[in-house]
Structures are given as C-alpha cells and as structure tokens.
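A.B. asks: Have a look at this prediction, sequence included:
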Amino acid sequence: MADAIQPLGRTTFGDPANAGTVLSEKEALDLLNSWVENERLRLHMKQVAAVMKAWALEREHLPEEEAHKWWLAGLLHDADWEKHPTEHCRMIVEELERRKIDSSIIRCIASHGPKHFGVEPESKMDHMIYVFDELSGFIHAAALVRPARYDGMDVKSIQKKLKTPSFAAQVSRDDINDAIARISSPLEETIDFVIQHQRDVA
C-alpha cells in the first residue's frame, strides 16, 4: 500500500441500526465494476471475497446470510484503491455508510490494513480479511509465474517464496506475519486454504 495513505482517524463505522442491511450480489458487483477498471485488481478482490466466504462457511460454520457479509467485505475492500489511492479506504467506507450498509462490513473493510488505516481488527471477520488480503495477492503472484498456474502448487513453494524478498516485493511480509500471529490457524494451513479456494475464481 502506498505510504501516502492517511489513517482514517476513527474506529467506529456505520450505524448499528443498519445491522443486516447488505448489498445484493448484483449490487456489489455493479459497484465493483463501476469503481474499478483494472482487471487484475478486480480479480484480486473477487479472490479475497471467495476465500472470505469459504472460510466463513467451512471454518466458522456461519449461515449463508452471514457468509455473504464476509464476501461483501472481501469484494469491496480495495474498491477505491485504483481511482483514489491516497484516500484508500476512506472513499469506500463513506460510500457504504451513505448506503446504510451493516456496520460490521464497513468496519471489516476499514481494518484490512491496521498499520495504514489505524483500525485494529476486532471481529473474526476483521482478522481474516487482514490475513487474506496480502496472502491472497502473494499466492496469485506465485501462480502467475508457474506454467501450470495453480495446478500442483504446494504450500512449501509459497513458504519458500515468502522468504525470498525479491519475489513480489510489494507484498508486506510483516503484514502477513502480523496477521497470522493474531489467529489460531497456522500459516501452512492458511496458505493451503487460500490455494484451494481462489484457484478457480475468474
């Protein structure tokens, strides 16, 4: 993330009275497509969304309506990055507040980079978007340099690349390590989960 990003200056978002108010899948994708032109960034956001939803369903055993919130947070977390990099993620937070969206989704988006936005992850959803954001992007970068892409990709190869500073140098290893240290799932298991759940996202 750019050093020019400014902290949000607050830690509460939205209105608790809007609990349960969400965007439909179509509304969310329409917002994504209207705000983001870069296809690679769109794919990143869709991959994070897919992994978030899968984790909510498979690991947290949440109902579909709750998992949809995780998907929305993942899908829209970087919605303002392309057009408003220095205002990331203030613009998308304010847009979702204007639309009266569930505050847990907005706070999750605001917490996906605590060092940058000044918002510490609190809920499990917050923690997992922090984990998956950088890790998802890193794993996809690794897939792009493999002839078979995700086919045959193993956890050890990703761990090795994480220890190679020159590979995907823009991905913060410090953020990945900090995020993983905050959850109970070990890095190896989390890497495997990401590989399995984002490989077919298009």
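C.D. replies: Nice, thanks for sending it over. Nothing here was measured: the structure is a model prediction, and the numbers come from that model.

A.B. asks: just how off-centre is stretch 192-201 within its chain?
C.D. replies: Chain-centre distance of stretch 192-201: 14 Å, with Cα atoms, centre = their mean, to the nearest Å.

A.B. asks: go on, stretch 74-89?
C.D. replies: In terms of Cα atoms, centre = their mean, the centre of stretch 74-89 is set 11 Å apart from its chain centre.

A.B. asks: Poorly predicted segments of the protein, please.
C.D. replies: For the chain, the stretches with pLDDT under 70 are 1-4.

A.B. asks: ranges for the helices of it?
C.D. replies: Along the chain, counting by DSSP state H, helices occupy 25-35, 39-58, 64-76, 90-98, 103-110, 114-117, 124-144, 155-162, 173-181, 187-198.

A.B. asks: got the buried residues for the second one?
C.D. replies: Okay, so that is helix 39-58. In terms of neighbour count (16 or more other Cβ atoms under 10 Å), helix 39-58 has its buried residues at 41-42, 44-57. Heads up, the C-betas are built off the backbone N, CA and C, glycines and all.

A.B. asks: Contacts for that helix, please.
C.D. replies: By Cβ atoms under 8 Å, 6 or more residues apart in numbering, the residues outside helix 39-58 that reach it are 32-33, 36, 62, 64, 66-79, 81-82, 125, 128-129, 132-133, 136-137, 140, 193-194, 197-198, 201-202.

A.B. asks: buried residues in stretch 149-160?
C.D. replies: Across stretch 149-160, burial judged by 16+ other Cβ under 10 Å covers M153, V155, I158.

A.B. asks: swap in stretch 195-202?
C.D. replies: Buried positions in stretch 195-202, judged by neighbour count with 16+ other Cβ under 10 Å: I195, H197, Q198, R199, V201.

A.B. asks: Take those and lay them out in JSON lines including distance to D178.
C.D. replies: Output for the buried residues of stretch 195-202, formatted as JSON lines (distance: Cβ to Cβ, whole Å):
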{"residue": "I195", "distance to D178": "21"}
{"residue": "H197", "distance to D178": "22"}
{"residue": "Q198", "distance to D178": "21"}
{"residue": "R199", "distance to D178": "26"}
{"residue": "V201", "distance to D178": "25"}
